[in-house]
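Colleague: return atomic coordinates for the entry below.
(2 chains)
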Amino acid sequence: MIKNLIRLGVAGLALVSLATSCSKEQQFTSEKTDAKRVEVQVLNADLAKVRDYVPLYAVIAHRGSTFWAPEETESSWRWAREMGADYLESDVQCTKDGIVLANHDENLKRTTNIENIFSENVPTSRVNFYMSLGFSRADAEAQYGRDMAAFRPFYALSYYYAELLMLDAGSWFNETSLEQSRPAFQATQNGSFTGGKIVYSNGQYISALQDQIAYAEGKRLIRDAEGRRVLTYKIKDEYQGMTLEQIYNAIKAKGQYNAKYMDFLEYDFENAYEADPQDTGNRPGIYVEFKESWLNPGNMEQRVYDVLKECDWNIIEKPATETAFYKSGKVNVGNTNGKVILQTFSFDALRRANDVFKGRIPMCYLLWISEPAYATDIAIDDPTGYAAFIKWAQDNGAHIIGPAISGAPNNYPEMNAPWQAYMIRKSGMINHPYSFDSWAQMCKYMGYYNYGLETEFDDLLRLEIPATPYTTASYPSSVPVYMDGFFTNRTEMSLKYMIENGFRGNSQLPNPFHAGQVYDNSQANVTVPDAVETLKRLGY
Amino acid sequence: MKKYIIFALALFSLSAVAQDFDNDPTLQLEKKDAKFTIGARLMADAALYHSDFTPMQSGASISDARIRTSFTYKDWYLYADFGFGGGKFSQKNIFAQWSHKTDNGDVHSIKAGYYNDPAGSMARNTSLGSYHFISRPGSSYALGEGRELGITYKYNSDKFMAYQGVFTENHYNKIKAGYNGITVAGRYLARPIIDENQTLHIGVSARFAQLGGGEVYKNILKKTYHMGQTMETYVDDEEQFVNADLEWANTVTNVGAELLYHNNRFFLRGEYFYKHVTKKRDTYSLMIDAQDNIDGWGSLEAWENANKLRANNFHGGYVEAGVILFGNGYRYNKSEGVLGGLNGKALELVARYNYTGLNDLTDGEYFNAGRGHYYAAGYMEDWPGTGATSVGGGNLHSATVGLNYAFNKYVQVMVDYTYHKLKSDYHPNDKNFHVGQARVQFTF
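Modeller: Have a look, this model is predicted:
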């Protein structure tokens, strides 16, 4: 009996061994397999509704353009608008007087001539600037001392917006992009403190968020006869009659978010713009990124909310009445509820944006990875880690994931491989990878990754792209598509690719978020303006 | 390949049932008062694993191959054994012991060398060759201690055992920086029942270690204490699912309690483990070193809030039971205060429950698997840091049943099945593990 029992036990183990050996059990960790096994949180109905505000296959003009014109200036955004981009992309910083800048770098040395205009100290003209506003010398000098204590050389947060308008934000581009340089990008006169007041430069400026919105609305800056923008400023009513010390204390008393900011000035943005005579009717949206949370006031998200509200671009306060993303060959995103998309890499900014916007404006959470992992990087770039970040993003009001893509010239880390694109699609979130600079990159993520061959992710990512009268692609209509829109520095090339490959100007595009439904962008323009001619037409 | 190996082991064990190798192969040389012995041990395991997500490596392995030697001369006993398991040579026990037996049978002994810490756990003080499961309970590895270099004094009578000593932290003194720390440990047993047929012992143990060795980190001595266990198996002996490295560890205190009862046909034993690890660091120097850019910390308080430090507490334990279905009964090893292995032809059925608790979580903290960090705020923050103090080493519940058959006192086969239930923030997709194992073991 005992022998039989032993035999039974050992034979049972051998059987289990055989069964397991023959099974398809995973024998090692594989992203390809795990991406399909890991549970991914799916966007809830409220967030999905807001997700659908965003046009599919959107072309997002990264900083306007980093290739053709000085980034995030009037020239780059006007150009992007006229080319037909769906969104004008920007980054927000904050000045010492609380103006929300649409500018990428917190340190202004790269994209302005600040080192030629100011020293590494608080601008020596600061005392005179205060006095030009009516404050006494003693009061101004005392405030200068306080400014000194919180000063960071060349950081936007250390300067008043009026001071920043003394800078030339275009000449650096001519120096670094010789082939795309244009005399009109460069100021002919630097800014200065002259005649008891700040005199602006007369070229491209560091932009305010209001400027970017105005360009999206088909406007341009009002300039005087010498080419200087017209933007007046004055002390806010609530601080009239107070000394700088009293203003400083009053602002400080408002709480930690305001402690190092002296936002006692108001600028007359309402009278700073005019209809752009070169406007051809495109109305793109804006795509705004919250940057390093520790360099900006803790209520930065609220400040952006307020600017959007002032400009009638806050759909929470004033929902859009139009729904068509394209009308008669013109971009119309800027007149829909998809007019503003927010984005950030920052955990803090995402959370605070959710507190302010409550997921009611499309929000993109951007992904980055480095070694060692930076403060907000995804540190464990496997399906489990990716799923955790997707959940985090959704729990904090995001509708879109923005992964980095590889390829020259940026050579970013690859964060939009098929398994990653699959997980984003599985979550019901939009995939907006960044940043595209080449035709090869567009081919890669819009049909030719793995040469378009079948992969295990085709069940969600392979789409049928019907031909249009404008398609010239020779590849099959069934292709894996690893994006739902993308950031590009080459709007002209991207639009061309989208049109020639059926992603634009097509009434029968599949809608990956609503099975069985089609997505119609046939009203979009199907001819792409010449990039250089457009710059010339705009006066550059 | 693995299925063939398992089949080979299985076939061998089936054919061996009809044979009887009951002999005494240990080589013994005796001359006057001196006696020299040499023996060996081999354990070959086959294992099948099934996990929810992260695969474990099923297969077969020589989990232990060992040569043992001893030399006895009057009151002196010298012992050394060396392992070859896993294809690597390793030093195991090596010690010298002097013993004195009093007229009433009590034994006083002094032992020096490299051997198991008396407070390391009853399980770790029990030879794996005498164990009634393929692996010792996981908690004895995660929360107990193993061999150390030191000297002990043991008093042993029928009713009591007091076994205590002093040890160093590292038996080769191969530490990168600092000094070789010191440990005091003791195990104390009372045996209210002890006769030829049954034994009941209850005991307590305590151990205190002042860690001394570490590495130089930013010009500061950084000591790290590691804890971990496998999934109670040797074929895949990774500690990936249950482990914790405690940075800035300073002292380690272990407290344990144990109980063992056996008669001829039945045994029951169990242990409880508690471990307390204190931390210590040169906070000011670290803060100064971190002032390396324009985003400085500003104050020591700000840095401390972002880099909190606290002591950690961990618990664990196990209960094991066995019943002899036929064959020779259970024996008690009074000298070591442990249960002996199967003694000659026997078949036994065993069961075990083990709990290992390496999660020491701080209320309100948030963990993100994409960052691999806890966050004190309850959500992820950019700056100034996580400020979290949670340790997520994993909590593991394990239930094992096994069948052991000894052909004789030298050859034994074992079959175990273990179900593990894991709760680990670092392995959110791994919850259930199934482990089937078999062993063929020779000892002579």
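Colleague: nearest to the spatial middle of chain B, which residue is it?
Modeller: Centroid-nearest residue in chain B: residue B:141, 2.9 Å away (criterion: C-alpha atoms, centre = their mean).
Colleague: measure that one to residue B:278 for me?
Modeller: In this view, residue B:141 and residue B:278 are 22 Å apart by C-beta to C-beta, to the nearest Å. Using the backbone N, CA and C atoms, a C-beta is placed for each residue, glycine as well.
Colleague: ditto for residue A:516
Modeller: To residue B:278, residue A:516 is 63 Å away according to C-beta to C-beta.
Colleague: where's the residue nearest to the centre of chain B, which helix or strand?
Modeller: In this structure, residue B:141 sits in helix B:138-142 according to DSSP states H and E.
Colleague: again with residue A:459
Modeller: helix A:458-461.
Colleague: next secondary structure after that helix?
Modeller: Criterion used, DSSP H and E; the element after helix A:458-461 is strand A:462-464.
Colleague: from the chain's centre, how far out does that next one sit?
Modeller: Its chain's C-alpha centre and that of strand A:462-464 lie 27 Å apart, by C-alpha atoms, centre = their mean, to the nearest Å.
Colleague: residue A:297 is in contact with residue A:94, isn't it?
Modeller: Yes. At 5.7 Å, residue A:297 counts as touching residue A:94 under the criterion of C-beta atoms under 8 Å.
Colleague: which residues do the two both contact?
Modeller: A:261, A:303 (C-beta atoms under 8 Å, 6 or more residues apart in numbering or on different chains).
Colleague: just say helix, strand or coil for residue A:145.
Modeller: Under DSSP: H, G, I helix; E, B strand; the rest coil, the three-state class of residue A:145 is helix.
Colleague: next one: it, what pLDDT does it get?
Modeller: Residue A:145 carries a pLDDT value of 95.
Colleague: what about it, how many neighbours?
Modeller: Number of residues near residue A:145 (other C-beta atoms under 10 Å in any protein chain shown) recorded here: 9.
Colleague: next one: the one 4 residues further on
Modeller: By the criterion of other C-beta under 10 Å, residue A:149 has 8 neighbours.
Colleague: state the phi and psi torsions of it.
Modeller: phi -60, psi -30 (degrees, to the nearest 10).
Colleague: can you tell me how far it is from residue A:264?
Modeller: Distance of residue A:149 to residue A:264, given as C-beta to C-beta: 18 Å.
Colleague: for residue B:395, which residues are in contact?
Modeller: By C-beta under 8 Å, 6+ apart, the contact list for residue B:395 reads B:355, B:356, B:357, B:358, B:359, B:422, B:423, B:424.
Colleague: okay, now the unreliable bits of the chain?
Modeller: If you meant another chain, say so; for now it's chain A. Residue ranges of chain A with pLDDT under 70: A:1-27, A:256-259, A:474-476.
Colleague: not quite, I wanted chain B
Modeller: For chain B, the ranges with pLDDT under 70 are B:1-26, B:294-295.
Colleague: let's see that with 50 instead.
Modeller: Applying pLDDT under 50 to chain B flags the ranges B:1-25.
Colleague: can you give me the neighbour number for residue A:313?
Modeller: A count of nearby residues for residue A:313, using other C-beta under 10 Å, gives 24.
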